[in-house]
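> Turn this into a structure:
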Amino acid sequence: MKSPFRRSEARASLAADRTSLAADRTSLAADRTSLDADRTSLAGERISLAADRTSLDADRTSLDADRTSLAGDRTSLAVDRTSLAVDRTSLAVDRAA
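I've put the predicted structure just below:
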C-alpha cells in the first residue's frame, strides 16, 4: 500500500503535468493565432501585389495608346506636309502658266 506521502507526491506530479500540458496547449494556440495572422498578412501582400500589377498593366496600356495616338499624329502631319507640298507645286504650275 502507498503511503500518504507518496500519494500526495503523485498528485502533485500529476497536477504539475496537467499544468504543463495546459501551458503547452496555450502556447500551441498562440502559435496557431500567429500563423493565422502571418497568413492573413501574406494574403494582403499578395492582393497588394496583384493590384500593383494591374495598375502597371493599365499604365502600359495607356502608354501604348499614347504611342499609337502619337504615331497617328505623325502620320497626319506627314499627310498635311505632303498636301502642302502639292498645293505649292500646283501654285507654282499656275504661276508658270
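> what's the helix or strand for the residue nearest the centre of the chain?
In the chain, the centroid-proximal residue (Cα atoms, centre = their mean) is residue 49; its distance is 0.8 Å. Taking DSSP states H and E as the criterion, residue 49 maps to helix 4-96.
> Below-threshold pLDDT in the protein: ranges please.
For the chain, the stretches flagged by pLDDT under 70 are 1-2.
> redo that, cut-off 90
Across the chain, the ranges flagged by pLDDT under 90 are 1-8, 10, 97.
> before we move on, the earlier item: how far does the helix holding residue 49 sit from its chain's centre?
1 Å (Cα atoms, centre = their mean, to the nearest Å).
> State the number of residues packed around residue 56.
By other Cβ atoms under 10 Å, the residues close to residue 56 number 10. To be clear about C-beta, it is placed using only N, CA and C from the backbone, and glycine gets the same treatment.
> Against residue 62, how distant is it?
11 Å (Cβ to Cβ, to the nearest Å).
> do residue 93 as well
Between residue 93 and residue 62 the distance is 46 Å, computed by Cβ to Cβ.
> Next: residue 35.
For residue 35, the distance to residue 62 equals 41 Å [Cβ to Cβ].
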